[in-house]
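Engineer: Here is my input; please provide its structure:
(chains A and B, ligands or ions: 4)
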Amino acid sequence: MNDEKNPEKQSKIDLNRRDMPKQSPEMRSHNFNEVALGYTLEDALGEAKRCLQCKKPRCVTGCPVEIDIPGFISCIVRKDFSAGIKKIKEKNCLPAVCGRVCPQESQCESQCILKNKGAEVAIGRLERFLADWGASAGKADLPPKAKPSGKKVAIVGSGPAGITVAGDLILLGHEVTIFEALHKAGGVLVYGIPEFRLPKAIVAREVEYVKSLGVKVFTDYVVGKTRSIDELLKDFDAIFIGTGAGLPWFLDIPGENLNGVYSANEYLTRMNLMKGYLFPNSATPIKNHKKVAVVGGGNVAMDSARTALRMGADEAHIVYRRSHAELPARLEESENAEEEGVIFDMLTLPVRYIGDENGWLKEIECIKMELGEPDASGRRTPVEIPNSNFRIEMDAAICAVGNSPNPLVPSTTPGLDTTRRGTLVADQETGKTTRDCVWAGGDIVTGAATVILAMGAGRKAARSIHEYLTTGKQ
Amino acid sequence: MNKVIERTMIVPNMHLLEIETPEIASKIKPGQFIIVRANDEGERIPLSVADWNSEKGTITIVFMEVGASTGALACLQAGDELATCVGPLGNETQIANYGTVLCIGGCYGIGSIYPVARALKEAGNQIITVLEARSSYLLYWVKKFATLSNKIFNITRDGSLGMKGHINRLTEIINSLPKPPDRIIVNGCTYLMAHASELTRELGITTLVNLNPIMIDGTGMCGVCRVTVADQRKFACVDGPEFNGHEVDWKEFLARRKAYMNEETLFFRKSAPKPAVHKEGKCQA
Ligand SMILES: Cc1cc2nc3c(=O)[nH]c(=O)nc-3n(C[C@H](O)[C@H](O)[C@H](O)COP(=O)(O)OP(=O)(O)OC[C@H]3O[C@@H](n4cnc5c(N)ncnc54)[C@H](O)[C@@H]3O)c2cc1C
Ligand SMILES: Cc1cc2nc3c(=O)[nH]c(=O)nc-3n(C[C@H](O)[C@H](O)[C@H](O)COP(=O)(O)OP(=O)(O)OC[C@H]3O[C@@H](n4cnc5c(N)ncnc54)[C@H](O)[C@@H]3O)c2cc1C
Ligand code: SF4
Ligand code: FES
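Structural biologist: Numbers count the residues shown, from 1 in each chain, chains lettered A, B, ... in the order given. Ligands and ions are numbered 1, 2, ... in the order given. From the prediction side, this is the model:
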């Protein structure tokens, strides 16, 4: 029965979307602990009961991996949490991560029937609730593994794409080895996304989980340098490339190599992977800047600005060339940033960094923008307002204007085709690349995207790799 | 993994470190580097490779104790394990028969230019070597170089061995040769490389330097190693570390290397109260 046409049921609809408890902005802007604290049991039950259990659930169509959303929500209502987590894990092997970082407002929640009433079900928070319940309930029994196939698969990169492929293929009986360039596995989840948004213990738990299934993980191993794809192919039957989009873009404006100008990758890597926020109790140094401008408007920019505040900056600005409405960041994160005191300088574009005599940034020259005609993607293009240049005093600038794939693997692998944007050419449905026995997925194929899309691509590739390993067809 | 086979101080403050790492040992080429972390809390620091033995599966590093991270490396003993040892990173030095190549090494660069000189020799080049140090007792591997060099010049600040002075005597050395070298390669401290490049620019001799900016990942991900070469932005870890010394923006490079000076001093004091004799890329040796 369609709920919209059922006035009786409609009258009982609870439109009170439960807020998630958070640390207060004053407190959290001075620590690196997780901002959102997660639903209590009572919150979760209240929120779950609001779900109308639609026959044709639209939320599911908004989910890139088609989780049975009403299914897991009804498990919460019945307090059968272990069934709920199982239901999610059928489709998503990283729910504790996705519950925290997915842009639900533009995916499942944007499609929820209650969205019309301005009270869409808080699907992400419920997912997180179940995942955290599952973790606190202790080790679940390991799922059964198929009998050994005798086939070996190498996975390059340990981000969400690589971890997903590893988890799927090991259960299907294949021998799986992950090669990771950095000294810790997890990809952007460990080196990019800050502790206060995604505690590293959660990522470590997911990595430990695939290891407990028997996946071997070699860190400090740069494929393309330590060994090439062709060399790996001598020892492995199939390879999955999930090396992400790790090459930072700069604005290409004068003064970009001044001290105090960072790529967001550098700033966040120092902080997260190298634990710079503990300096001098950790070894990798980080500067305490007072006035920080972050260029860009996505999640990476929000993370950088909020990190700068936590490091004691008096001011952290988001300098973005479009307006508030176009900010590509997850809504919750830009709201959190604003609450914490991040200053938003919209319709502003840096044109020059100005340094002092010792090569340190002291000012940024910017130009004002206005929104013009919509471009091909439907977003309105920012255009410069002539003669509107002005200067702002800043001792640090963090460039968060995007990343593209690192060319290291493609450039050392003959026959692996790339697009003009540097992404790998791969079949949308299977992840198959232009090289025999080589698949790819995640940001290396799509360009910088999201955790869930990387995971989804991993799932599809795992299926296709399994088919190849069992039938020989590719 | 990454087992320390040997760690000895070869001259004051300069250490030799031999690490068991078969995959790197089978791949490494002259001019390339590795990144190490001494322990689990350690910083990632880049170090050039000074020698290797692919059969034994080991590589050899020469490093100078200048701060906390190199200080931690200096405490390693045979049998210890490094938390990280990743590589080979960066591009190899282009080896070909150029004719005569002048190889200049100073401080840790005496170690890292050795495999470059050896490979160039094997490719048929005449090798002229210039080694620079503060005093004779700080020079090392002189015999090793003597066997592969057609001519060898030592420069010491105090004149205790060879010529007295520092790299500014390079022009004299070049002028003393029957004909100018076809190419010059310099490894070592920033000042040595910058200075040598300045001198050879006037002589119009191609001069390659092995840049040593601050690095983190060494794979092109963070961009901290960016340098301006021929007015273009390059990432030293993937586009280099070897560049044409005449095209490097040395002023910017020196400023960037100093970026964390205060923090490094703070951490150094906190972590290991040992005297440093090498600060800011400036070789006191
Ligand atoms: C700061 C930041 C915040 C973000 N916030 C969000 C968010 O809130 N929500 C969201 O959905 N998405 C977010 N994203 C995007 C999301 O993290 C990525 O889309 C996702 O991680 C891509 O997964 P992946 O597996 O393709 O690659 P990655 O996570 O990038 O992992 C690739 C891994 O491969 C390794 N690697 C690279 N080259 C080699 C090599 N040659 N050999 C061996 N290993 C190699 C890398 O070191 C890395 O560990 C954010 C990204 C950043 C940078
Ligand atoms: C490609 C390359 C090859 C190198 N090869 C050698 C070598 O063979 N032997 C050797 O002794 N040294 C080498 N270096 C320099 C070496 O990495 C630094 O001396 C070392 O990082 C200093 O660390 P520290 O903590 O002991 O000293 P600190 O007190 O932290 O720093 C002293 C100085 O070293 C530089 N430095 C600091 N951190 C880094 C970092 N993460 N990456 C690079 N430089 C840094 C800075 O200019 C700093 O002022 C090389 C550097 C590069 C980039
Ligand atoms: S979450 Fe929303 S769309 Fe999905 S089943 Fe519940 S009410 Fe329907
Ligand atoms: S060291 Fe990070 S990009 Fe070169």
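
Engineer: Show me how chain B divides into domains.
Structural biologist: If the domains of chain B are taken from automatic domain parsing, they occupy B:3-90, B:100-257, with pieces of a single domain joined by a plus sign.

Engineer: which non-adjacent residue is nearest whatever residue of chain B ends up closest to ligand 1?
Structural biologist: With Cβ to the nearest ligand atom, the shortest gap between chain B and ligand 1 falls at B:T219, namely 6.2 Å. In short, each C-beta sits where N, CA and C put it, glycine included. If you skip the residues right next to it in sequence, B:T219 has A:A181 as its closest partner in space, 5.3 Å away by Cβ to Cβ, 6 or more residues apart in numbering or on different chains.

Engineer: unless I'm mixing things up, the one you found is touching A:Y221, no?
Structural biologist: Yes: using Cβ atoms under 8 Å, A:A181 is in contact with A:Y221, at 6.7 Å.

Engineer: Mutual contacts of those two, please.
Structural biologist: Shared between the contact lists of A:A181 and A:Y221 (criterion: Cβ atoms under 8 Å, 6 or more residues apart in numbering or on different chains) are residues B:V86.

Engineer: quick one, which of those two is more surrounded?
Structural biologist: Neighbours per residue (other Cβ atoms under 10 Å in any protein chain shown) separate A:A181 from A:Y221, with A:A181 holding more: 28 against 18.

Engineer: distance of the more buried one from A:G159?
Structural biologist: 11 Å (Cβ to Cβ, to the nearest Å).

Engineer: Repeat that for A:G431.
Structural biologist: If you go by Cβ to Cβ, the gap between A:G431 and A:G159 works out to 14 Å.

Engineer: what's residue 194 in contact with, if anything?
Structural biologist: By default, I'm working from chain A. By Cβ under 8 Å, 6+ apart, the residues touching A:P194 are A:32, A:268, A:271-272, A:303, A:306-307.

Engineer: that answer is for a different chain, and I need it for chain B
Structural biologist: Contacts here follow Cβ under 8 Å, 6+ apart; on that basis B:A194 touches B:245, B:248, B:250, B:253-254.

Engineer: what secondary structure does it sit in?
Structural biologist: Taken by DSSP: H, G, I helix; E, B strand; the rest coil, the conformation at B:A194 corresponds to helix.

Engineer: any idea which helix or strand carries B:W52?
Structural biologist: Applying DSSP states H and E as the criterion places B:W52 in strand B:51-53.

Engineer: Moving C-terminal from that strand, which element do we reach first?
Structural biologist: strand B:58-64.

Engineer: Report whether that next one contacts chain A.
Structural biologist: No: using Cβ under 8 Å from any Cβ of the partner chain, strand B:58-64 stays clear of chain A, with a minimum separation of 12.6 Å.

Engineer: gap between that strand and the chain center?
Structural biologist: Strand B:58-64 has its C-alpha centroid displaced from the chain centroid by 10 Å (Cα atoms, centre = their mean, to the nearest Å).

Engineer: which strands and helices sit next to that strand?
Structural biologist: strand B:14-20, helix B:22-27, strand B:33-37, strand B:45-48, strand B:51-53, helix B:68-74, helix B:108-122 (3 or more Cβ pairs under 8 Å, 6 or more residues apart in numbering or on different chains; DSSP states H and E).

Engineer: low pLDDT regions in the stretch 151-285 of chain B?
Structural biologist: Counting by pLDDT under 70, the ranges of the stretch 151-285 of chain B that qualify are B:270-285.

Engineer: and it, which residues reach ligand 1?
Structural biologist: Proximity of the stretch 151-285 of chain B to ligand 1 (Cβ under 6 Å from any ligand atom) involves no residue at all.

Engineer: and the residue of the stretch 101-250 of chain B found nearest ligand 3, how many neighbours?
Structural biologist: Distances from the stretch 101-250 of chain B to ligand 3, computed as Cβ to the nearest ligand atom, single out B:M221 as the nearest residue at 37.9 Å. Neighbour count of B:M221, defined by other Cβ under 10 Å: 27.

Engineer: before we move on, the earlier item: overlap in contacts, A:A181 and A:G159.
Structural biologist: Contact criterion Cβ under 8 Å, 6+ apart; no residue bridges A:A181 and A:G159 by contacting each.

Engineer: quick one: pLDDT of residue 23?
Structural biologist: Answering for chain A, as no chain was given. The per-residue pLDDT reported for A:Q23 equals 92.

Engineer: nope, chain B please
Structural biologist: With respect to pLDDT, B:E23 scores 95.

Engineer: Could you identify the longest strand within chain A?
Structural biologist: Taking DSSP state E as the assignment, the strand of chain A that covers the most residues is strand A:361-374.

Engineer: ok, it: who's next to it in the sheet?
Structural biologist: strand A:348-355 (antiparallel), strand A:380-384 (antiparallel), strand A:390-393 (antiparallel) (DSSP bridges).

Engineer: I'd like the distance between A:L453 and B:S160.
Structural biologist: Following Cβ to Cβ, the distance that separates A:L453 from B:S160 is 65 Å.

Engineer: Settle it for me: which of those two has more neighbours?
Structural biologist: A side-by-side neighbour count of A:L453 and B:S160, using other Cβ under 10 Å, places A:L453 first with 20 against 15.

Engineer: wait, what's in contact with that one?
Structural biologist: Contacts of A:L453 were listed using Cβ under 8 Å, 6+ apart, and they are A:64, A:442, A:446.

Engineer: Backbone dihedrals for it, please?
Structural biologist: A:L453 has phi and psi values of phi -70, psi -40 when expressed as degrees, to the nearest 10.

Engineer: what do you get for B:T207?
Structural biologist: With angles defined as degrees, to the nearest 10, B:T207 sits at phi -130, psi 120.

Engineer: what about it, neighbour count?
Structural biologist: When neighbours are counted by other Cβ under 10 Å, B:T207 registers 26.

Engineer: Return the distance of the residue in chain B sticking out farthest from the centre relative to B:Q126.
Structural biologist: Computed with Cα atoms, centre = their mean, the maximum C-alpha offset from the centroid of chain B is found at B:P178, amounting to 28.2 Å. The spacing between B:P178 and B:Q126, counted by Cβ to Cβ, is 10 Å.

Engineer: if we can go back for a sec, nearest to B:C189 among the contacts of A:L453?
Structural biologist: Distance ranking of the contacts of A:L453 against B:C189, using Cβ to Cβ, places A:G442 first at 41.3 Å.

Engineer: where exactly do the helices run in the stretch 351-474 of chain A?
Structural biologist: A:408-411, A:443-446, A:451-471 (DSSP state H, counting those that start in this stretch).

Engineer: Excluding chain neighbours, what is closest to A:G46?
Structural biologist: For A:G46, the closest residue by Cβ to Cβ, 6+ apart turns out to be A:R18, at 5.4 Å.
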